[in-house]
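Trainee: Attaching a predicted model along with its sequence, questions to come.
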Amino acid sequence: MENSKKIIARNKKASHEYFILDTLECGIVLTGTEIKSIRMGKVSIQDAYCQVKNNTLNIYNMHIAKYDLGNIFNHQETRDRVLLAHKKEIRKLAQKTVLEGLTIVPLTVYLSTGLVKIEIALCKGKKNYDKREDLKKEAIKKDVKKVMKNNY
């Protein structure tokens with residue numbers, strides 16, 4: 001059986017703001033109207049971040065828009081949600097965030113065989129000069145690609 005992925009949301013700022021050291025795929029605990037809203041593509045993880053509290057991995061500031069056809073049991077848009085990962089992985093993430101000062105950032109939200117998954121990353125913050133270097137490298141790659149296209 002194929003593992004088809006349909007990407008719903010992507011955190012584009014993450015690769016600009018952080019050095020991505022390690023990635024992990026997690027499930028997420030959702031309510032009925034949240035999953036319907038996510039399937040319609042109404043989710044944003046631009047300002048979201050993850051933390052380990054009480055041996056559980058949580059995601060904060062993940063915005064899921066209210067479901068249009070929902071009733072009085074509609075969900076809160078930016079509530080704290082629990083991420084599903086193995087206990088060993090959660091302990092490893094907690095240890096790295098505390099000892100090494102790293103952060104956990106969500107990268108993508110996608111549907112995998114009907115289930116919503118979140119790819120999170122263990123990241124280290126970039127300094128301003130690192131960001132400028134990345135922008136220079138991107139510009140050089142873009143120029144080289146343009147020259148190569150024009151020559152052939």
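Mentor: Nice, thanks for sending it over. These figures come from a predicted structure and were not determined experimentally.

Trainee: alpha carbons only for contacts and neighbour counts from here, please
Mentor: Noted.

Trainee: Isn't residue 107 up against residue 120?
Mentor: Yes - judged on C-alpha atoms under 8 Å, residue 107 makes contact with residue 120 at a distance of 5.4 Å.

Trainee: So for whichever strand or helix holds residue 52, what gets flagged as buried?
Mentor: Here residue 52 sits within strand 49-53, counting by DSSP states H and E. For strand 49-53, a neighbour-count test (16 or more other C-alpha atoms under 10 Å) marks 49-52 as buried.

Trainee: Repeat that for stretch 102-120.
Mentor: For stretch 102-120, burial by neighbour count (16+ other C-alpha under 10 Å) applies to 102-111, 116-120.

Trainee: quick one: the strands in the protein?
Mentor: Taking DSSP state E, the strands of the chain run over residues 5-10, 18-28, 43-44, 49-53, 56-60, 63-64, 81-84, 103-112, 115-125.

Trainee: mind putting these in TSV, mean pLDDT included?
Mentor: Below are the strands of the chain laid out as TSV (pLDDT from 0 to 100):
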stretch	mean pLDDT
strand 5-10	89
strand 18-28	90
strand 43-44	90
strand 49-53	90
strand 56-60	92
strand 63-64	88
strand 81-84	91
strand 103-112	91
strand 115-125	91
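
Trainee: from the chain's centre, how far out does stretch 134-152 sit?
Mentor: 28 Å (C-alpha atoms, centre = their mean, to the nearest Å).

Trainee: got it, and stretch 29-37?
Mentor: On the basis of C-alpha atoms, centre = their mean, stretch 29-37 sits 17 Å off its chain's mean C-alpha point.

Trainee: Touching it from outside, list them.
Mentor: 43, 64-67, 70, 74-75, 81-84, 116 (C-alpha atoms under 8 Å, 6 or more residues apart in numbering).

Trainee: Stretch 115-133 now?
Mentor: Residues from elsewhere that reach stretch 115-133, judged by C-alpha under 8 Å, 6+ apart: 16-28, 35, 93, 101-111.

Trainee: ok, 7 Å please
Mentor: Under the contact criterion C-alpha atoms under 7 Å, 6 or more residues apart in numbering, stretch 115-133 has outside partners 16-28, 102-111.

Trainee: State the pair within the buried residues of strand 49-53 that is farthest apart.
Mentor: 49 and 52 (10.6 Å; C-alpha to C-alpha).
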